[in-house]
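Trainee: no FASTA, just this:
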Ligand SMILES: [Zn+2]
């Protein structure tokens with residue numbers, strides 16, 4: 001049974017507060033990364049470094065065995081309506097055992113729980129057969145999985161198992177739907193709007209394709225656990241030389257949620273089939289994510305994040321279940337996350353067994369007055385300790 005000392009409870013809370021008080025919108029994680037690296041050194045990780053994209057990575061263990069990686073992201077979404085908050089968004093205030101602030105649940109609170117959970121294992125001197133890694137990653141919010149891809153494929157840190165510490169209300173997340181973003185560009189022919197028959201209206205062409213997209217949504221594949229894929233047009237713009245001209249170009253964007261078995265190629269082909277049926281001069285493509293990390297690393301990726309799902313009887317799922325049972329005396333429910341996570345890369349692309357467990361309500365992520373119960377952070381820390389000791393200390 002793993003339990004934080006009262007000193008470590010206070011240290012965990014204070015660390016989470018410092019993280020919240022240090023803003024870290026995506027691509028601007030430098031200051032928080034310095035805090036995380038310093039804390040990982042302080043609690044006793046023998047190796048701590050910052051990789052090329054700006055992830056903070058730590059390692060412990062004798063290297064003779066499997067590699068287990070605990071993952072949290074350091075970036076947060078921005079605070080859009082500070083006036084709507086009843087607690088200062090960057091204040092890190094604690095009231096009645098509840099920690100408030102941007103990132104409290106997504107996921108600076110869980111990050112602090114992860115660090116202090118693993119501190120218990122290091123303090124106890126459990127011999128770790130294999131590698132115990134921590135990865136505190138950048139830019140998860142705009143492009144989940146990208147920083148993990150850099151860590152695995154460019155830095156050569158290849159874990160055998162991944163634990164995502166994103167909020168799951170201390171239940172066990174075993175999968176998620178994927179997502180992709182597409183852009184459809186429709187061409188028309190410009191003409192004076194007093195003689196529309198002389199031109200070809202790109203908006204009318206686009207409208208037909210959009211109607212086809214709406215009809216498509218009911219026909220998408222269904223998975224018994226992850227549910228049905230979905231499709232939605234989320235943004236549209238057009239161009240014409242003036243408001244008395246027939247527009248020659250209309251561009252719209254599609255948010256596509258992918259269930260198991262739905263691939264990038266398949267999702268593109270569905271839209272292409274509508275374009276062909278409507279005999280429109282139009283093209284569809286996956287949008288691109290482009291950014292520069294705080295270390296200067298140029299990021300470029302297609303906005304495609306596949307779905308993933310772990311088999312219920314996988315040893316890692318069983319280990320996650322055991323860790324919760326030992327710590328909290330209940331059998332965790334196996335849930336799917338509605339949002340997308342780094343698992344889109346680790347399990348979805350790289351096929352590395354991945355589970356998710358973290359403190360706090362998922363509905364609090366990105367919300368006004370975002371908060372998490374301190375007690376849940378302490379419980380999560382105990383679960384992470386139990387899991388690391390179980391998988392590497394045997
Ligand atoms: Zn998150």
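Mentor: Received, thanks. Nothing here was measured: the structure is a model prediction, and the numbers come from that model.
Trainee: Any idea how many residues pack against residue 154?
Mentor: Using other CB atoms under 10 Å, residue 154 is surrounded by 12 other residues. C-beta: built from backbone N, CA, C; applies to glycine.
Trainee: try residue 242
Mentor: Residues near residue 242, counting by other CB under 10 Å, number 8.
Trainee: try residue 342
Mentor: Residue 342: 27 surrounding residues under other CB under 10 Å.
Trainee: tell me the pLDDT at it?
Mentor: The score at residue 342 is 98. That number is its pLDDT.
Trainee: In contact with it, which residues are there?
Mentor: 71, 73, 137, 140, 144, 145, 147, 148, 162, 164 (CB atoms under 8 Å, 6 or more residues apart in numbering).
Trainee: Select from the residues you listed every entry located in helices.
Mentor: Among the contacts of residue 342, the ones falling in helices (DSSP state H) are 147, 148.
Trainee: would a markdown table of the contacts of residue 342 with pLDDT, distance to the ion and neighbour count be doable?
Mentor: Below are the contacts of residue 342 laid out as a markdown table (pLDDT from 0 to 100; distance: CB to the ion, whole Å; neighbours: other CB atoms under 10 Å):
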| residue | pLDDT | distance to the ion | neighbour count |
| --- | --- | --- | --- |
| 71 | 98 | 10 | 29 |
| 73 | 98 | 6 | 30 |
| 137 | 98 | 10 | 26 |
| 140 | 97 | 6 | 26 |
| 144 | 96 | 8 | 24 |
| 145 | 97 | 12 | 26 |
| 147 | 98 | 12 | 29 |
| 148 | 98 | 13 | 31 |
| 162 | 98 | 14 | 26 |
| 164 | 98 | 9 | 28 |
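Trainee: quick one: which of the contacts of residue 342 is nearest to residue 369?
Mentor: Closest to residue 369 out of the contacts of residue 342 is residue 73 (20.8 Å), distances taken as CB to CB.
Trainee: Excluding covalently adjacent residues, which one is nearest to the closest one?
Mentor: Leaving out its chain neighbours, the residue that sits closest to residue 73 by CB to CB, 6 or more residues apart in numbering is residue 140, at 3.4 Å.
Trainee: my guess is that neighbour contacts residue 75, does it?
Mentor: Yes: shown here, residue 140 and residue 75 form a contact pair, counting by CB atoms under 8 Å, at 6.0 Å.
Trainee: Overlap of the contact sets of those two?
Mentor: With CB under 8 Å, 6+ apart as the test, residue 140 and residue 75 both reach residue 26.
Trainee: returning to that earlier point: among the contacts of residue 342, which lie within strands?
Mentor: In strands, defined here by DSSP state E, the members of those are 71, 73, 137, 162, 164.
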